[in-house]
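**Student:** I would like the atomic coordinates for the input below:
(chains A and B)
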2 protein chains.
Amino acid sequence: MIRCGIIGYGFLGKKLAGYLTRYKMRGLAITALANSRGYLYYPKGFDSDNLPADITGHTSFRASNPLEILERGLVDLLVTLTPTNVYNGEPGLTYIREALKSGVDVVTADKGPLVVAFRELTSLADSMGVFLCYEATVGGGIPVFSLARHSLRGDRILSIKGILNGTTNYILSRMHFEGLPLDLALQEAQMMGLAERDPSLDLEGIDSACKIVILANALLGADRRLEDVKVKGITQVTSDAILAAKELGMTIKLVGSIEGGRLSVAPRLVRLNHPLCVHGSLNAIQFKMEILGDLTLIGRGAGESTVSALLSDIEWILAQKEASRGGR
Amino acid sequence: MIRCGIIGYGFLGKKLAGYLTRYKMRGLAITALANSRGYLYYPKGFDSDNLPADITGHTSFRASNPLEILERGLVDLLVTLTPTNVYNGEPGLTYIREALKSGVDVVTADKGPLVVAFRELTSLADSMGVFLCYEATVGGGIPVFSLARHSLRGDRILSIKGILNGTTNYILSRMHFEGLPLDLALQEAQMMGLAERDPSLDLEGIDSACKIVILANALLGADRRLEDVKVKGITQVTSDAILAAKELGMTIKLVGSIEGGRLSVAPRLVRLNHPLCVHGSLNAIQFKMEILGDLTLIGRGAGESTVSALLSDIEWILAQKEASRGGR
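**Tutor:** Reported below is the predicted structural model:
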């Protein structure tokens, strides 16, 4: 039985736990649910009918450092879904580092740790012989890393471009289609739950830059950090500029790119009939391949669809463990 | 050493052979090049400097049934790239069937055999313990099957939609953007080498229907054939109809779909800003997933990009063989 712990029991954590209760017969049980204030341990593994709505108020909640689930050896696989600080990677960085050091496999949706310490963490995972999977960090449910690793073998990625932030894309789309000014489009996004109360990481392009760093490190063998990305956000984009673009059959999108070793995020003119030109809160990622040419993936970049990426990582780990236990 | 034979030495076969000469140090050598009239056998394996421009005129060409390379046990892996008859699957069907029966792995770009005999061939491959890979049959280089199998685990495909034929999409795009009538757009496509002299399989939707059959059988566990697809081509689509659609922010595309067990190909209204709405000779495939929602892939559907799909299949077979020889 693989004992799975989840640190971060908010929207994503609850959705994921709901799906994972179905995995018990396949040998995976959720034995620990944690947040920054403590954890709930249930060695038999939660089922759909006893999965708690809230953990902190639960009678068995143990107020403590969640790292205790590692120190006490309560889990074999740790999923971290914590609010990410992109400058120091915490709290996810500590959770992930300690898990890998303890020989525990990790699946994460936290961008911060991978932006701050990509090579340290992947090397640590390699040296410990454990898995570190992070499909959910870029493009929500779009299987970017899995696709690049399993499905594009025999070809070579030359460059990557993407619309990687749903909040700014929603805002720019409303400016394009409704002629709204940026501040009104932002208010609308906030009312719809698509933007944070403090939307600066999104608007200033930092969130997109984080994803560009992870893509460069994971898929192009780079060793980059946030400060290596030339970043410009959308705060200076006016509806007049978008209107002018529209008259030329184009629009303005916040595009992240990795080309010839240069990492950048900036508002760019994009033709309306270009495959990358997606609207609303959609994300799009385009690989330029040596043989295949351009390959574009489009999907929802956030919300419940991210659970699909987490499950894909977990399934992959299960498959590797089954394969290494013998048989094909 | 894995000895690889290629039946079909036209544009694709030559491109593929060129790339495969690089695989010699990885344990794969091209030992046989064949067409319908015979074959060239070179046990040492062709290199980039002795790869023939033409095989039939070669001094060592053996005029014979190409199946002789199987009967004589000259190859371990067969790639078939033959002009496909979608009604009887030949000549690829016989080549593939005989290869699988001989315990030879198969990689193919031939749609016909998979449309006519999908279950027979996949069962035969399973029972013989060999691989049958067909990534190149749908969407050119877009890694449809690989993605669905390796990257969407833990989620479930509910339905599939796609623009699967580059020729008709080119014609409809020219009708949309330039207001050309269908016959002129077709002539243009023929001059550019995007349409066959007899374009009826494309225009009447048969080529798209073949791809829908393969997708349904491979990804949704169906057992369907061409006659199970409700097909309508684009021959009745007028520039007036496209103009009327354009005024509503839409256009007309030839869309193949698998929804609730119904397979169809027909001209459909598609919103211009819908992810599926790609132009020119691009292909697009959209999966509706249970958790992830809609995931769209866009890429070149034909030509050299197809080589990327063939190489991806070959790489996958190499990786499986390496894994089964021990080690991770």
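
**Student:** For the rest of this, base every contact and every neighbour count on C-alpha atoms.
**Tutor:** Fine.

**Student:** Can you mark which positions in stretch A:254-269 are buried?
**Tutor:** A:254-258, A:263-267, A:269 (16 or more other C-alpha atoms under 10 Å in any protein chain shown).

**Student:** which among the residues you listed gets closest to A:A216?
**Tutor:** A:I258 (6.9 Å; C-alpha to C-alpha).

**Student:** ok, now which ones touch A:Q236?
**Tutor:** The contact partners of A:Q236, taken as C-alpha atoms under 8 Å, 6 or more residues apart in numbering or on different chains, number zero.

**Student:** How much space separates it from A:I252?
**Tutor:** Separation of A:Q236 from A:I252 (C-alpha to C-alpha, to the nearest Å): 12 Å.

**Student:** for chain A, longest helix please?
**Tutor:** Longest helix of chain A, by residue count under DSSP state H: helix A:305-324.

**Student:** How about residues contacting that one?
**Tutor:** So helix A:305-324 is contacted by A:12, A:15-16, A:107-109, A:131, A:133-136, A:140-143, B:151-155, B:291-293 (C-alpha under 8 Å, 6+ apart).

**Student:** The residues you listed in helices, which ones?
**Tutor:** A:12, A:15-16.

**Student:** Could you tell me which of those residues count as buried?
**Tutor:** Buried among the ones in helices among the contacts of helix A:305-324 (16+ other C-alpha under 10 Å): A:12, A:16.

**Student:** Specify which member of the ones in helices among the contacts of helix A:305-324 is nearest to A:I214.
**Tutor:** A:L12 (20.7 Å).

**Student:** The closest one reaches A:G303, doesn't it?
**Tutor:** Yes - between A:L12 and A:G303 there is a contact at 7.3 Å, judged by C-alpha atoms under 8 Å.

**Student:** and stretch A:34-49, which residues are buried?
**Tutor:** So stretch A:34-49, judged by 16+ other C-alpha under 10 Å, has buried residues A:34-36, A:38-41, A:45-47.

**Student:** Residue numbers of chain A in contact with chain B?
**Tutor:** A:141-143, A:146-147, A:150-155, A:272-275, A:278-279, A:291-300, A:304-309, A:311-312, A:315-316, A:328 (C-alpha under 8 Å from any C-alpha of the partner chain).

**Student:** what do you get if the cut-off is 6 Å, keeping everything else the same?
**Tutor:** A:141, A:143, A:146-147, A:151, A:153-154, A:291-292, A:294-299, A:305, A:308, A:311-312 (C-alpha under 6 Å from any C-alpha of the partner chain).

**Student:** so what's whatever residue of the stretch 151-300 of chain A ends up closest to chain B up against?
**Tutor:** Proximity of the stretch 151-300 of chain A to chain B (C-alpha to the nearest C-alpha) peaks at A:L292, 4.0 Å away. With contact set as C-alpha atoms under 6 Å, 6 or more residues apart in numbering or on different chains, A:L292 has these partners: B:141, B:305, B:308.

**Student:** What sits closest to the residue nearest the centre of chain A if chain neighbours are left out?
**Tutor:** In chain A, the residue lying closest to the centroid (C-alpha atoms, centre = their mean) is A:T137, at 1.6 Å. Nearest residue to A:T137 in three dimensions, chain neighbours excluded: A:A109, at 4.7 Å (C-alpha to C-alpha, 6 or more residues apart in numbering or on different chains).

**Student:** ok, the one you found to chain B distance?
**Tutor:** For A:A109, the distance to chain B equals 15 Å [C-alpha to the nearest C-alpha, to the nearest Å].

**Student:** That residue contacts A:A136, correct?
**Tutor:** Yes - A:A109 is within contact range of A:A136, at 4.7 Å (criterion: C-alpha atoms under 6 Å).

**Student:** for the one helix or strand in chain A whose mean pLDDT sits lowest, which positions count as buried?
**Tutor:** Least confident helix or strand of chain A, by mean pLDDT, DSSP states H and E, is helix A:305-324 with a mean of 92. Buried positions in helix A:305-324, judged by neighbour count with 16+ other C-alpha under 10 Å: A:305-318.

**Student:** can you count the residues close to A:L28?
**Tutor:** If you count neighbours by other C-alpha atoms under 10 Å in any protein chain shown, A:L28 ends up with 20.

**Student:** Read off the pLDDT value for it.
**Tutor:** Here the pLDDT value assigned to A:L28 is 97.

**Student:** Phi, psi for it please.
**Tutor:** phi -130, psi 130 (degrees, to the nearest 10).

**Student:** Quick check: phi and psi on the nearest residue to A:L40 once chain neighbours are set aside?
**Tutor:** Excluding the flanking residues, the one nearest A:L40 by C-alpha to C-alpha, 6+ apart is A:F61, at 4.8 Å. Phi and psi for A:F61, reported as degrees, to the nearest 10, are phi -60, psi 130.

**Student:** Likewise for A:D228?
**Tutor:** phi -90, psi 0.

**Student:** Repeat that for A:C4.
**Tutor:** phi -110, psi 130.

**Student:** right, and it touches A:L33 too?
**Tutor:** No - applying C-alpha under 6 Å, one finds A:C4 not in contact with A:L33, separated by 8.8 Å.
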